[in-house]
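*Asks:* show me the folded form of this:
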Amino acid sequence: MDAITLLKNDHAEVRTLLGDLEATTSRAVKKRSELVVKIDALLKAHTTIEEEIFYPAFKAAGEKGDDDKMYFEALEEHRAAGELVLPDLLATDVGSEQFSGRAKVLKELIEHHAGEEEKEMFPRAKKLLSREDLNSLGEQLEARKQELLA
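*Replies:* Okay, here's the model as predicted:
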């Protein structure tokens, strides 16, 4: 599977889980707990493979200017989600209304980030990288993802 297909599949899976989480009520403590653990694991694996493998390949193939801007913005969005919003959510009582608000903020942030990647970065990557490069990156991404989720 090529890199872009793998990353888009990850986006779809996380969007579904975040939608499921947003649909829960404060009474669904067990379901919320299970979902947030899954979301945490998937987001950490996804951001790691992007930052270790995909983004560096994109940056190396890219041109200065807009490509660099896209690269650094994506990293900052990862930082906002991974170091600020997600840790706050994980530290919040799953039975609280505050949890609902934080889950919604995380969902909106992830949807924005994934949407930008899919509309801007991925089409650009298809122009910058060959089919062979994307397939090779896909294999590397998948192997590293399995390692992280094990």
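*Asks:* buried ones in the lowest-mean-pLDDT helix or strand in the chain, by neighbour count?
*Replies:* Taking mean pLDDT, DSSP states H and E as the measure, the chain has helix 66-79 as its least confident helix or strand, at a mean of 91. Residues of helix 66-79 classed as buried: 67, 70-71, 74, 77-78 (neighbour count, 16 or more other C-beta atoms under 10 Å). For every residue, glycine as well, the C-beta is placed using N, CA and C.
*Asks:* can I get those in CSV with distance to residue 20?
*Replies:* Listed next are the buried residues of helix 66-79 as CSV, based on distance: C-beta to C-beta, whole Å:
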residue, distance to residue 20
67, 35
70, 30
71, 31
74, 25
77, 22
78, 22
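*Asks:* secondary structure element for residue 107?
*Replies:* Here residue 107, judged by DSSP states H and E, is contained in helix 97-116.
*Asks:* between that helix and helix 66-79, how big is the angle?
*Replies:* Taking axes from the mean of the first three to the mean of the last three C-alpha atoms, to 10 degrees, one finds helix 97-116 and helix 66-79 inclined to each other by 160 degrees.
*Asks:* can you give me phi and psi for the residue with the largest distance to the centre of the chain?
*Replies:* Distance from the centre of the chain peaks at residue 27, with 27.4 Å (C-alpha atoms, centre = their mean). The phi and psi values for residue 27, taken as degrees, to the nearest 10, are phi -80, psi -20.
*Asks:* for residue 98, see how far away it is.
*Replies:* Distance from residue 27 to residue 98, counting by C-beta to C-beta, to the nearest Å: 15 Å.
*Asks:* what do you get for residue 10?
*Replies:* Distance of residue 10 to residue 98, computed by C-beta to C-beta: 27 Å.
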